[in-house]
Every structure is written in C-alpha cells, then in structure tokens.
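Q: generate coordinates for the sequence data below:
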Amino acid sequence: MNNPSTPQSPMAPQEIERVFLIKSLPLNLDQYPCEQIRQGYLSLDINHEIRIRQKNNLYSYTEKLGHGLARTEIEKEITPEEFASQWPQTAGRQVTKTRHKIPYQDNLIELDIYSGSLLGSIRAEVEFPSLEMAKNFITPDWFGREVTDEPHYRIGYLLTHGLPKESQS
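A: Residues are numbered from 1 along each chain as shown. Prediction:
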C-alpha cells in the first residue's frame, strides 16, 4: 500500500478533476442518463481516502492520495461479497447520490444530487485528461463557485461536519 506522504510517482494513475457547486439545475436534466450510487468511506484522511462504491451491479474499491486538482487514484473492481463485508465498516461515513452524466463541450459533467445525510448538496465534477485542459475549462452558466481546493467541501468533511451554510452559492 502507498504511503500518503510519499511523493506521487509520474507513472501512478492520476485523476485530474475540478469540483463546483451548482447555482441552478440545467434545463431538461431528465434527458441525461443517470445512475444511483452508494459509497462508504473506510478512510477519510485529507491526503489518503479509501472508499467502496456500488453503481448498479458494479462494485469498486478506490484509493485516492493527495488533494486538490490532481491526485493519485487507484481503483479496482471488487465482488458484491467483498463490498457487503466491508460496508458495515463505513457506518457513519456513507453517501447516496443520483449522478447525471451531461456531455458539455469535449467533457463529461457528472452532476451529483445527494440524499440522506447530505440532502441538499448538489455538486458537479469534471475530469480532464490534462492539467492544461482542466485550467482552460469554461464552465456552463448554471455552475456556481469552484470548490476543488476547499477542504470543507470534500465528502469526508461534509460527512463528519455537515453542509456549510453557504454550500449552494
């Protein structure tokens, strides 16, 4: 297992992602495909996050190292039995959401509408193949403030501290 204080290797899989709050939902949201997701966190350290996730009949284990715009992401498929055996270990650190997949320019916006303890939280995430593309991304008018580098908008923080009062601006 990687040590979160170890510098990221240039060969490690990188996730380059920007995260935004939402001012208003896009028109015709129901025309876009969506999926139900439930995920639980085994570790929520700011530099080392481990989660398990169920999307439809797919199950995964994901480890993320670092924080901010670019970080290491290692993901592997797990069996439903592995998911079920680890799920109780995530008690108090679980989220459910509906994810809408919205094509925009040459990107895919993943609009997450949370339920349960994070009811009221709506965020958009956009992944990019390069830092240059991430920095040059022009947001649609329904996006709100960017929170990529704001630790109190990370899911782990929200699960343990609740939604910030200004969460949807």
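
Q: list the contacts for the residue nearest the centre of the chain?
A: For the chain, the residue nearest the mean C-alpha position is residue 125 (6.8 Å; CA atoms, centre = their mean). The contact partners of residue 125, taken as CB atoms under 8 Å, 6 or more residues apart in numbering, are 17-20, 109-110, 112. Any C-beta I mention is one placed from the backbone N, CA and C, and that applies to glycine too.

Q: columns distance to residue 144, neighbour count and secondary structure on top of the residues you listed, output as CSV?
A: Formatted as CSV, the contacts of residue 125 follow (distance: CB to CB, whole Å; neighbours: other CB atoms under 10 Å; DSSP: H, G, I helix; E, B strand; the rest coil):
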residue, distance to residue 144, neighbour count, secondary structure
17, 17, 18, strand
18, 13, 21, strand
19, 11, 20, strand
20, 6, 23, strand
109, 13, 21, strand
110, 16, 20, strand
112, 14, 20, strand
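
Q: closest one of the residues you listed to residue 120?
A: Proximity of the contacts of residue 125 to residue 120 (CB to CB) peaks at residue 112, which lies at 12.2 Å.

Q: mind checking how far the closest one is from residue 79?
A: To residue 79, residue 112 is 25 Å away according to CB to CB, to the nearest Å.

Q: likewise residue 49?
A: For residue 49 relative to residue 79 (CB to CB), the value is 22 Å.

Q: before I go, just wanted to say thanks for your time.
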